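Chemist: Got a predicted model here, sequence first, then my questions.
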Number of protein chains: 2
Amino acid sequence: MSFREERAAERKKNIIKVAAKLFSEKGYHDATLEDIARNLKYTKGSIYYYINSKQELLFQCHELAMDMLINRMEEILATDWPLEVKLREGIKAHIEMVVGEMSLVTVALGQEFELEEDYRQIIVAKRDRYERYFRRLVDEGIEKGIFRPLPSKMAVFIIMGAINWIPRWYSEKGSMSKEEIAGFFADYLVRPLFKKD
Amino acid sequence: MSFREERAAERKKNIIKVAAKLFSEKGYHDATLEDIARNLKYTKGSIYYYINSKQELLFQCHELAMDMLINRMEEILATDWPLEVKLREGIKAHIEMVVGEMSLVTVALGQEFELEEDYRQIIVAKRDRYERYFRRLVDEGIEKGIFRPLPSKMAVFIIMGAINWIPRWYSEKGSMSKEEIAGFFADYLVRPLFKKD
DNA sequence: TTATATTTTGAATTTCGGTGTAAATACTAA
DNA sequence: TTAGTATTTACACCGAAATTCAAAATATAA
């Protein structure tokens, strides 16, 4: 990649980040391109030099967020940790991305229906893939007799739902730290999978 | 209430329901008043005879949904059931409203940030009240030694999050019925509250 | 330095949807 | 039947926001 292309890519990424921040703060529709431009000290016009439409911008936010989640999960799966640890770590990783890269992931989680159909399908496919990783862990646990038999799909929906709701209530000022929250969630959500002891 | 007033109220409620349906399908912004009017075989203009603004319409959706949830929960609290049963029934009731009155509750759960500040505060207050009912049940359980000590606020966030996420994946065609889902969720989500046995 | 390619600007254009309103129509009660 | 009120229609206004574009500014390479 040439010097110039590189810089252009850099800028584009920047635009996406700022857009994500505003989308998550005000919602897709209320965040105008002028807002985004102002935040970047650009003009509306120049943003169009880097992107084709506002819709594409939203899509890129989604894609970046999903890729981050997927990559992290694949790292965890590649380890040789026992599967219940993988599951716990997967949950914690997801939570940390939700509260860490707040704006990016918040957009991806909360504004799905703003995406036009073509874009949406791509994102939904990625999310399915991501969820399948979790489901497989649960299924393996059941096969091995570590977990009790139950519909893994539902269990994963519960886990994902609980986590994905976090941006709705989370505040930096809360009495629990990110890590404490992640720990508590992982424990609470994995516990019901085990057989009674 | 006179005959006419009654009919007017009836129509208004109808408008709200149809609006909720479209808001939940396409999002607040993409559902235009013309859409809503067309669905009702009205014209835009006549809708304004019943409401003052699109924003008000959204607000009414929220309010109706929250009131339904709160009322049901208060009924449950008024019984003499043991508290862990109340909790389970509360969860089941919430789930059944989420999947039953899908559109209405979906709007209330998913489109909070579309509400203007004044309206939003009213809704947030109602939601807090509703959540407090759940939190109190958990706290009582802890006091009585039925549940293990844990931050009830977090536990309720997990419970609410898992449930409120349902509209994102639920489909009539799924392999589990509403009731089965409600039962499974209630079990999965309450189980971690108990002490190990 | 000069020619060429890239980037930025700012204004102009366009589109769309919420809202206001005056006139037309339908309904109710006497 | 009729007067008066409730309801509906049709249309126009208006602002907001996405997008386009031609010209200006800037950077790069020869």
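Modeler: The structure has been received and is ready for your questions.
Chemist: Roughly how far does the residue nearest to the spatial centre of chain A sit from A:Y48?
Modeler: Centroid-nearest residue in chain A: A:V105, 4.1 Å away (criterion: Cα atoms, centre = their mean). Distance, A:V105 to A:Y48, using Cβ to Cβ, to the nearest Å: 26 Å. The C-beta positions use only the backbone N, C-alpha and C, and glycine is treated the same way.
Chemist: Please tell me how far the residue in chain A positioned nearest to DNA strand C sits from B:D187.
Modeler: Residue nearest to DNA strand C within chain A: A:G45 (2.3 Å; Cβ to the nearest atom of the strand). Distance of A:G45 to B:D187, computed by Cβ to Cβ: 57 Å.
Chemist: Check whether the lowest-mean-pLDDT helix or strand in chain A comes close enough to DNA strand D to count as a contact.
Modeler: Scoring the helices and strands of chain A by mean pLDDT, DSSP states H and E places helix A:102-110 at the bottom, with a mean of 88. No - Helix A:102-110 does not reach DNA strand D (Cβ under 7 Å from any atom of the strand); its nearest approach is 14.5 Å.
Chemist: angle of that helix against helix B:102-110?
Modeler: Here the directions of helix A:102-110 and helix B:102-110 differ by 180 degrees (axes from the mean of the first three to the mean of the last three Cα atoms, to 10 degrees).
Chemist: distance between helix A:102-110 and the chain's centre?
Modeler: Centroid separation for helix A:102-110 versus its chain: 6 Å, with Cα atoms, centre = their mean, to the nearest Å.
Chemist: and it, what does it pack onto?
Modeler: Here helix A:102-110 touches helix A:3-26, helix A:54-77, helix A:83-100, going by 3 or more Cβ pairs under 8 Å, 6 or more residues apart in numbering or on different chains; DSSP states H and E.
Chemist: Out of these, which gets nearest to DNA strand D?
Modeler: Among those, the nearest to DNA strand D by Cβ to the nearest atom of the strand is helix A:54-77 (3.7 Å).
Chemist: Kindly report which one of the helices and strands packed on helix A:102-110 carries the lowest mean pLDDT.
Modeler: Ranked by mean pLDDT, the helices and strands packed on helix A:102-110 end with helix A:3-26 in last place, scoring a mean of 91.
Chemist: Other residues contacting that helix?
Modeler: By Cβ atoms under 8 Å, 6 or more residues apart in numbering or on different chains, the list of residues contacting helix A:3-26 from outside reads A:1, A:31, A:35-36, A:39-40, A:47, A:50-51, A:57-58, A:60-61, A:64-65, A:102-104, A:106-107, A:110-111, A:167, B:113.
Chemist: now the helices and strands packed on helix A:102-110 as a markdown table including mean neighbour count and distance to DNA strand C?
Modeler: Converted to a markdown table, these look like this (neighbours: other Cβ atoms under 10 Å in any protein chain shown; distance: least, Cβ to the nearest atom of the strand, whole Å):
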| stretch | mean neighbour count | distance to DNA strand C |
| --- | --- | --- |
| helix A:3-26 | 17 | 4 |
| helix A:54-77 | 18 | 13 |
| helix A:83-100 | 20 | 29 |
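Chemist: in stretch A:136-150, what's buried?
Modeler: Neighbour-count burial for stretch A:136-150, counted by 16 or more other Cβ atoms under 10 Å in any protein chain shown, picks out A:L137, A:V138, A:D139, A:E140, A:G141, A:I142, A:F147.
Chemist: Ends of it, what's the gap?
Modeler: 13 Å (Cα to Cα, to the nearest Å).
Chemist: Show me how far that stretch is from its chain's centre.
Modeler: 25 Å.
Chemist: and if you look at stretch A:8-26?
Modeler: Relative to the centre of its chain, stretch A:8-26 is centred 15 Å away, using Cα atoms, centre = their mean.
Chemist: pLDDT (mean, whole number) over the lengthiest helix in chain A?
Modeler: The longest helix of chain A (DSSP state H) is helix A:117-143. For helix A:117-143, mean pLDDT is 97.
Chemist: Report whether that helix contacts chain B.
Modeler: No - using Cβ under 8 Å from any Cβ of the partner chain, helix A:117-143 stays clear of chain B, coming no nearer than 9.2 Å.
Chemist: what angle do that helix and helix A:54-77 make?
Modeler: 20 degrees.
Chemist: how about the CA coordinates for stretch A:80-95, as PDB?
Modeler: Extracted in PDB, the C-alpha atoms of stretch A:80-95 (Å, rounded to 0.1, in the frame of the first residue of the first chain):
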ATOM      1  CA  ASP A  80      -5.800 -25.400  25.100                       C
ATOM      2  CA  TRP A  81      -7.900 -24.200  28.100                       C
ATOM      3  CA  PRO A  82     -10.700 -26.400  29.300                       C
ATOM      4  CA  LEU A  83     -13.900 -25.600  27.700                       C
ATOM      5  CA  GLU A  84     -15.700 -24.100  30.600                       C
ATOM      6  CA  VAL A  85     -12.800 -21.700  30.900                       C
ATOM      7  CA  LYS A  86     -13.000 -20.900  27.300                       C
ATOM      8  CA  LEU A  87     -16.700 -20.100  27.700                       C
ATOM      9  CA  ARG A  88     -16.100 -17.900  30.800                       C
ATOM     10  CA  GLU A  89     -13.300 -16.100  29.000                       C
ATOM     11  CA  GLY A  90     -15.400 -15.600  26.000                       C
ATOM     12  CA  ILE A  91     -18.100 -14.000  28.000                       C
ATOM     13  CA  LYS A  92     -15.600 -11.800  29.800                       C
ATOM     14  CA  ALA A  93     -13.900 -10.800  26.600                       C
ATOM     15  CA  HIS A  94     -17.300  -9.900  25.000                       C
ATOM     16  CA  ILE A  95     -18.200  -7.800  28.100                       C
END
